[in-house]
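A.B. asks: structure of the sequence below:
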Amino acid sequence: MMSRLTFGRVALVYAVGMAAAAGCGAGGDGAAGTEGTSTLASSSSSRRRPHGSGGAGAPMGTGGGTGTGGTTSTGGAIGTGGAVGTGGAIATGGATGAGGVIATGGVTGTGGAIGTAGSGAGGSTSASGGAGTNTGGAGGGGTGGLVVGNPNGHCAVPAAAQAVDVSSPTTTVGTGTAASCTAAAVVAAVHAGGVVTFRCGPDPLTIPVPEIDIFNDGGQAQDGSVTLDGGGKITLSADGDHRILYQNTCDGSLHFTSPRCDIQTTPHLVVQNIAFANGKATAGSNNTNGGGAIYVGGGTFKAVNIRISSSAEVTPGQDFGGGAIYAFEQTQPVTIVNSTFDGNSGANGGAISGLFSPVTILNSVFSGNQAVGHGENPARPGTTGGGLGGAIYVDGNDFTLSLCGTLFDTNLANELGSGAIFQVVDDLNGDLVIDQSTLHANSNVGSVQSHPGIYVEARDKAGNAGVSITNSTFN
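C.D. replies: Residues are numbered from 1 along each chain as shown. You can find the predicted model right below:
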């Protein structure tokens, strides 16, 4: 058993004169405990270092004042709501058949519905023209569509976490044909803000797009809020060259709208019934630390019925991560419902990386994601650092990571047995809550704290307090 007890601080330096010190430590060995479905058992571990303070407020225009960074709020509780519809099982190992199962977990079919799915030989097929999920997602039609989320996830979805009503869109991309749905039309629609839908014909369509900015003062409401709804048929692709969506309240190029950009609650970015593929975040891209497909700094973020696949954060290092999504300084919980993340990678957090951001995830799937760094945080001598949280990496003060009805399948991390989840609450004032979830075949390399695939410090440094795991399976 390795013994590594050193920890340190991480500095995330923002453009526009704002700096935020961020801790992302790791270390300390705990004996692997027995598998089970209850709260984490005791483990021996000792470590960590203090967290930095929140970022200073960026100026609003010229001469704007600055302020000390505020802490983020505690993650919202899972409430009541409609249960997610059932569906065919997600297969691993690349099985194919009439249902057309994608090897990394995302299921496609011949009916194009987000909702109830019928079983097929070797995979799941969607009912032709089927209804949308009870979270509000519209069903696709035509020859195939987006099927996402965990078919065995039945956790209640509160009203605030359900899909937004898009029956009266602000902008509709396209005039009914695939050719009319251009990248330029997508960019213009997002910049205009409000509710964006698509009318691109009956079949699924992939649209290559550039990186699309979310302006803080965009739209008729001038608060930058955007709801992007693909109707279960649209995939936005970056062709492995750049990020896809970029929201950052403390980036002056997106227009300051508050003297305390680090704690402002707008814009509101919602993505639903849509897929993102082949995104890429590199060092220096908008001076951010990750988010291969989506970066959300400030404001709020919600994802319902989405898939993010084959996206990457490619800069090695202890501070980088979020192959699919990087969330920074969210004052309300990042909410992800009935969604699939497969085949994404980052130095930390193969799918999702969050700093100062509570996160709530319901009825979703994380499959085949990887934290590809080596050396933990702070980096061991001779390494670049990272390798924590194969699916999810979250860090900061005063936050909860809440998971229900979610499957973690075959995710990989190189450090601390964190193949599925790495969570460190620096001020030891947070919680990890897992219910009705399954963790299967996630990497368990290095020290772990009682349950395979998880490394956590919530209210103590040994993973003993602030952790609740119920009705869940580890295998």
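A.B. asks: how about the helices of the stretch 151-300 of the chain, start to end?
C.D. replies: Secondary structure of the stretch 151-300 of the chain by DSSP state H, counting those that start in this stretch: the helices cover 183-192.
A.B. asks: need the strands for it, in chain order.
C.D. replies: Secondary structure of the stretch 151-300 of the chain (DSSP state E, counting those that start in this stretch): strands located at 171-173, 194-198, 205-208, 212-214, 226-229, 234-237, 245-248, 268-277, 280-281, 294-297, 300-309.
A.B. asks: make a markdown table out of those and add distance to Q318 and mean pLDDT.
C.D. replies: The C-beta positions use only the backbone N, C-alpha and C, and glycine is treated the same way. Output for these, formatted as a markdown table (distance: least, Cβ to Cβ, whole Å; pLDDT from 0 to 100):
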| stretch | distance to Q318 | mean pLDDT |
| --- | --- | --- |
| strand 171-173 | 39 | 98 |
| strand 194-198 | 37 | 97 |
| strand 205-208 | 32 | 98 |
| strand 212-214 | 28 | 96 |
| strand 226-229 | 32 | 98 |
| strand 234-237 | 29 | 98 |
| strand 245-248 | 21 | 96 |
| strand 268-277 | 26 | 98 |
| strand 280-281 | 16 | 96 |
| strand 294-297 | 18 | 96 |
| strand 300-309 | 23 | 98 |
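A.B. asks: closest to G387 out of the ones you listed?
C.D. replies: strand 280-281 (17.2 Å; Cβ to Cβ).
A.B. asks: which other residues reach the closest one?
C.D. replies: Contacting residues not belonging to strand 280-281 are listed as 238, 240-243, 288, 290-292, 295, 311-315, 322, 326 [Cβ atoms under 8 Å, 6 or more residues apart in numbering].
A.B. asks: residues near Y326, how many?
C.D. replies: 29 (other Cβ atoms under 10 Å).
A.B. asks: now do the SS call for it.
C.D. replies: Three-state assignment for Y326 (DSSP: H, G, I helix; E, B strand; the rest coil): strand.
A.B. asks: residues contacting it?
C.D. replies: 281, 288-291, 294-296, 313, 349, 352-354.
A.B. asks: export those residues to JSON lines and tack on distance to S364 and neighbour count?
C.D. replies: Listed next are the contacts of Y326 as JSON lines, based on distance: Cβ to Cβ, whole Å; neighbours: other Cβ atoms under 10 Å:
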{"residue": "A281", "distance to S364": "21", "neighbour count": "33"}
{"residue": "T288", "distance to S364": "24", "neighbour count": "24"}
{"residue": "N289", "distance to S364": "23", "neighbour count": "29"}
{"residue": "G290", "distance to S364": "19", "neighbour count": "34"}
{"residue": "G291", "distance to S364": "18", "neighbour count": "34"}
{"residue": "I294", "distance to S364": "15", "neighbour count": "28"}
{"residue": "Y295", "distance to S364": "20", "neighbour count": "29"}
{"residue": "V296", "distance to S364": "17", "neighbour count": "29"}
{"residue": "E313", "distance to S364": "20", "neighbour count": "39"}
{"residue": "G349", "distance to S364": "15", "neighbour count": "39"}
{"residue": "I352", "distance to S364": "10", "neighbour count": "33"}
{"residue": "S353", "distance to S364": "16", "neighbour count": "34"}
{"residue": "G354", "distance to S364": "15", "neighbour count": "29"}
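A.B. asks: for the residues you listed, give me JSON lines that also has distance to F215.
C.D. replies: What follows is those, written out as JSON lines (distance: Cβ to Cβ, whole Å):
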{"residue": "A281", "distance to F215": "20"}
{"residue": "T288", "distance to F215": "16"}
{"residue": "N289", "distance to F215": "21"}
{"residue": "G290", "distance to F215": "21"}
{"residue": "G291", "distance to F215": "17"}
{"residue": "I294", "distance to F215": "16"}
{"residue": "Y295", "distance to F215": "14"}
{"residue": "V296", "distance to F215": "14"}
{"residue": "E313", "distance to F215": "24"}
{"residue": "G349", "distance to F215": "27"}
{"residue": "I352", "distance to F215": "24"}
{"residue": "S353", "distance to F215": "24"}
{"residue": "G354", "distance to F215": "23"}
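A.B. asks: out of those, who's nearest G176?
C.D. replies: Minimum distance to G176 across the contacts of Y326 is 27.9 Å, recorded for I294 (Cβ to Cβ).
A.B. asks: in the sheet, who's paired with that closest one?
C.D. replies: L245, I325 (DSSP bridges).
A.B. asks: going forward, count from 19.
C.D. replies: With 19 as the first residue, the last one maps to I312.
A.B. asks: for it, list the residues it contacts.
C.D. replies: 261-265, 289, 294, 297, 319, 326, 342-344.
A.B. asks: helices and strands of the chain: which one has the lowest mean pLDDT?
C.D. replies: strand 28-31 (a mean of 28; mean pLDDT, DSSP states H and E).
A.B. asks: what about T253, neighbour count?
C.D. replies: As a measure of burial, T253 has 18 neighbours, counting by other Cβ under 10 Å.
A.B. asks: shaky segments in the stretch 119-268 of the chain?
C.D. replies: 119-162 (pLDDT under 70).
A.B. asks: again, 90 this time
C.D. replies: The stretch 119-268 of the chain contains residues with pLDDT under 90 at 119-163, 234-242.
A.B. asks: quick one on the thing from earlier: distance to A201 added to the contacts of I312, as CSV?
C.D. replies: Converted to CSV, these look like this (distance: Cβ to Cβ, whole Å):
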residue, distance to A201
R261, 14
I262, 11
L263, 13
Y264, 15
Q265, 19
V289, 17
F294, 14
G297, 14
F319, 23
I326, 19
A342, 21
I343, 21
Y344, 23
